[in-house]
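Engineer: dropping the sequence and predicted coords here.
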Amino acid sequence: ETGVTQTPRHLVMGMTNKKSLKCEQHLGHNAMYWYKQSAKKPLELMFVYNFKEQTENNSVPSRFSPECPNSSHLFLHLHTLQPEDSALYLCASSQDKGLAFYNEQFFGPGTRLTVL
Amino acid sequence: KNQVEQSPQSLIILEGKNCTLQCNYTVSPFSNLRWYKQDTGRGPVSLTIMTFSENTKSNGRYTATLDADTKQSSLHITASQLSDSASYICVVSSDGGSQGNLIFGKGTKLSVKP
């Protein structure tokens, strides 16, 4: 596998379920990101991890819980979600969090989440 | 408030034709501007990156322009192909030191018809 992979690609869950999204990057990067992409809205940055440490949490509800066990893996744990949380969840990685010009973010294919 | 506005929201063109997508931003301080292409069901892929001092940058049939004075950018696609059908997202970085300060536009959905 190369680049950034995400599993599952599609997920349907009820509001009382607990599920997890997984992201893995094979690029040797040190920063990883979770984004939410809703229809007709810009990408929303959710969390940023740099060298396994969370550096940003953009006021994301606690029903979303990120985990970054190492620089290659990133998880998003989901529990008691709402229907409005249905969206495409994208994971991205970059060399590190600094030097905005050089640190292109590479995105995974996303997980299409539907909350019933 | 930092914002990125893209137009049109959607566009349909015939294969072989040219088109231009617009991006206006009110982001300060400005670091760089990227255009991403997002195919349906895929993550965004970077096409070009432009800094304050760059006016034009090309990547194959894609040419991006930047006017830092008017805070406008455009993406011109030449001799469109069916594979150009995608959403094109303009992203402005507002802080030279932080990758996290990215402001995304809503994107322009381009459909190329045979």
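Structural biologist: It's in. Bear in mind the structure is a predicted one, so any value in this text is a computation, not a measurement. Numbers count the residues shown, from 1 in each chain, chains lettered A, B, ... in the order given.
Engineer: confirm that B:Ser83 lies within a strand, as I assumed.
Structural biologist: No. Counting by DSSP: H, G, I helix; E, B strand; the rest coil, B:Ser83 falls outside a strand, being helix.
Engineer: number of residues surrounding the nearest residue to A:Thr2 once chain neighbours are set aside?
Structural biologist: Closest residue in space to A:Thr2, ignoring its immediate chain neighbours: A:His26 at 5.5 Å, by C-beta to C-beta, 6 or more residues apart in numbering or on different chains. For glycine as for every other residue, the C-beta is placed from the backbone atoms N, C-alpha and C. As a burial measure, A:His26 scores 13 neighbours (other C-beta atoms under 10 Å in any protein chain shown).
Engineer: pop out the phi and psi values for A:His26.
Structural biologist: As for A:His26, its main-chain torsions (degrees, to the nearest 10) stand at phi -110, psi 30.
Engineer: and the pLDDT for it?
Structural biologist: As predicted, A:His26 sits at a pLDDT of 94.
Engineer: hmm, it is touching A:Ser71, no?
Structural biologist: No. Using C-beta atoms under 8 Å, A:His26 makes no contact with A:Ser71, being 11.3 Å away.
Engineer: residues in contact with B:Ile13?
Structural biologist: B:Ile13 is in contact with B:Cys19, B:Ser80, B:Leu110, B:Ser111, B:Val112, B:Lys113, counting by C-beta atoms under 8 Å, 6 or more residues apart in numbering or on different chains.
Engineer: list the buried residues for the strand or helix carrying it?
Structural biologist: Secondary-structure element containing B:Ile13, defined by DSSP states H and E: strand B:10-14. Within strand B:10-14, the residues scored as buried using 16 or more other C-beta atoms under 10 Å in any protein chain shown are B:Leu11, B:Ile13.
Engineer: quick one, strands of chain A?
Structural biologist: A:4-7, A:10-13, A:18-25, A:31-37, A:44-50, A:53-57, A:64-70, A:73-79, A:87-94, A:106-107, A:111-115 (DSSP state E).
Engineer: where in chain B is pLDDT low?
Structural biologist: B:95-100 (pLDDT under 70).
Engineer: how far away is the nearest residue to A:Arg63 once chain neighbours are set aside from chain B?
Structural biologist: Closest residue to A:Arg63 apart from its sequence neighbours, by C-beta to C-beta, 6+ apart: A:Thr80 at 5.3 Å. Between A:Thr80 and chain B the distance is 27 Å, computed by C-beta to the nearest C-beta, to the nearest Å.
Engineer: I figured A:Thr80 hits A:Met13, correct?
Structural biologist: No. A:Thr80 sits out of contact with A:Met13 when judged by C-beta under 8 Å, with a separation of 10.2 Å.
Engineer: in contact with the residue nearest to A:Thr2, which residues?
Structural biologist: A:Glu1, A:Thr2, A:Gly3, A:Val4, A:Thr5, A:Ser72.
Engineer: and for A:Thr111?
Structural biologist: A:Gln6, A:Thr7, A:Pro8, A:Arg9, A:His10, A:Leu11, A:Leu21, A:Leu88, A:Tyr89.
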